[in-house]
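**Q** Sequence plus predicted model, see below.
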Amino acid sequence: MQIRLDGKFALVTGASGGIGQAIARSLAASGAAVAFHYSSHADTAHASVAAVQGEGGRAVAVQADVADPASVQAMFDAAERALGPIDILINCAGIDGKQAPSWEIDLADWKKVIDVNLYGTFYCSQLALKSMVARKKGVILNISSVHEVIAWSGYSAYTASKAAVSMMSKTMAQEAAPFGVRVLSLAPGAIQTDINRAVWSDPEQMKDLLTKIPLGRMGKVEDIADMVTVLVSDVGGYVTGTTLFVDGGMTDYPEFAHGG
Ligand code: NAD
């Protein structure tokens, strides 16, 4: 079994740091030409591009606000001009938003999370699907979250957005399967990145978090990135219309480990 992506072009959103950057680098290491999308951190995206090019690979950095369809269109135009028609789309850009009970959250803050996580994923997927369905090949992988199934107080927009992404993926998968195009989601558990710095930099919060993870550690970005690379390669060629949970057992009801 070999996991190679030579000759494929992959666009990864949210690739200037965290999980997205690790995914983009893993895809590039497997031979894909990669567009590193960034929102605001141009420097880190360009550094990743230079690193890939230094190893003989093909890469570009592309900017967009994924919540703005015109910006997404411009990003696709730039990426496809540089690297050709898209074969792999990874929707990883996302935010968790401000923490507040649903009856207190500011409407604009709530909507912002939906705009980025759900609409952003839709805008990118729609453009990718147009191209993939016409060419009868391609794969879209959406980074959802364990919170597509686990409720999370204070984050109703985040949980709603990720549950919606899951069902949207399944529906797109059903629509696109007759054209040989796969659509799936990967749901990370707690992966150590900037998005949850407040948790892992506080010993008390970290202790509480670890009680929720049967494997007893936070995930590393590579735990997600390498699984994504497997799933979008031909090795994952029979996987579509589903979510793979990569969460150290977080969705395995750890509170039942000692009786119920
Ligand atoms: P991160 O904050 O490092 O990455 C989020 C990325 O989204 C950043 O690159 C940011 O620039 C981009 N982004 C935010 N708003 C944007 C916008 N309007 N337009 C374009 N890009 C925008 O955090 P991360 O942990 O790497 O998160 C990546 C994805 O993984 C997110 O979708 C997140 O919900 C998901 N996720 C993370 C965890 C975790 O524990 N880290 C768990 C489950 C799911």
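**A** Nice, thanks for sending it over. Numbering: from 1, shown residues only.
**Q** interface residues of the chain facing the ligand?
**A** 14, 16-20, 39-40, 65-67, 92-95, 116, 143, 145, 188, 190-191, 193-196 (Cβ under 6 Å from any ligand atom). C-betas here are computed from N, CA, C, even on glycine.
**Q** Are any of those buried, and if so which?
**A** Buried members of the residues of the chain next to the ligand, counted by 16 or more other Cβ atoms under 10 Å: 14, 16-20, 39, 65-67, 92-95, 116, 143, 145, 188, 190-191, 193, 195-196.
**Q** Among the residues you listed, which are located in helices?
**A** Per DSSP state H, helices hold the following members of these: 18, 19, 20.
**Q** Throw the residues you listed into CSV and include pLDDT, thanks.
**A** What follows is these, written out as CSV (pLDDT from 0 to 100):
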residue, pLDDT
18, 97
19, 98
20, 98
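**Q** so residue 205 makes contact with residue 197?
**A** No - the pair residue 205 and residue 197 does not pass the contact test of Cβ atoms under 8 Å, sitting 10.6 Å apart.
**Q** These two: who's more crowded?
**A** Counted by other Cβ atoms under 10 Å, residue 205 and residue 197 do not tie: residue 205 has more neighbours, with 13 against 10.
**Q** Give me the phi and psi for that one.
**A** Backbone torsions of residue 205, given as degrees, to the nearest 10, read phi -70, psi -40.
**Q** Quick check: nearest residue in space to it, chain neighbours excluded?
**A** residue 199 (4.6 Å; Cβ to Cβ, 6 or more residues apart in numbering).
**Q** Can you check what pLDDT the model gives the one you found?
**A** At residue 199, the model reports a pLDDT of 94.
**Q** And for the one 4 residues further on?
**A** At residue 203 the predicted local confidence, pLDDT, stands at 97.
**Q** from now on call the first residue 22
**A** Okay, residue one is now 22; in that scheme the one you just asked about reads as residue 224.
**Q** quick one: it from the ligand, how far?
**A** Plainly put, residue 224 is 18 Å away from the ligand if you go by Cβ to the nearest ligand atom, to the nearest Å.
**Q** which residue sits closest to the closest residue to the ligand within the stretch 72-221 of the chain, ignoring its sequence neighbours?
**A** Nearest to the ligand in the stretch 72-221 of the chain, going by Cβ to the nearest ligand atom, is residue 115, at a distance of 2.2 Å. Computed as Cβ to Cβ, 6+ apart, the closest residue to residue 115 that is not its neighbour in sequence is residue 138, at 4.8 Å.
**Q** Now do the same contact list for the one you found.
**A** Counting by Cβ atoms under 8 Å, 6 or more residues apart in numbering, residue 138 makes contact with 115, 116, 179, 182, 183, 186.
**Q** The fifth one against residue 171, yeah?
**A** This means residue 183. No - checked against Cβ under 8 Å, the pair residue 183 and residue 171 is beyond contact range at 9.6 Å.
**Q** So for these two, which residue has more residues nearby?
**A** A count of neighbours by other Cβ under 10 Å puts residue 183 above the other of residue 183 and residue 171, at 29 against 15.
**Q** Just the CA atoms from the lowest-mean-pLDDT helix or strand in the chain would do, formatted as PDB, please.
**A** One helix or strand of the chain scores below all others by mean pLDDT, DSSP states H and E: helix 218-221, with a mean of 94. Only the C-alpha atoms of helix 218-221 are listed here, as PDB (Å, rounded to 0.1, in the frame of the first residue of the first chain):
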ATOM      1  CA  ARG A 218      -4.600  27.700  23.800                       C
ATOM      2  CA  ALA A 219      -6.600  29.000  26.800                       C
ATOM      3  CA  VAL A 220      -7.300  25.400  27.800                       C
ATOM      4  CA  TRP A 221      -3.900  23.700  27.400                       C
END
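**Q** Spell out the residue ranges of the strands in the stretch 72-221 of the chain.
**A** With DSSP state E, counting those that start in this stretch as the definition, the stretch 72-221 of the chain shows strands at residue ranges 80-84, 109-112, 159-164, 202-209.
**Q** Which one of those strands lies nearest to residue 69?
**A** When those are compared by Cβ to Cβ, strand 80-84 sits nearest residue 69, at 7.1 Å.
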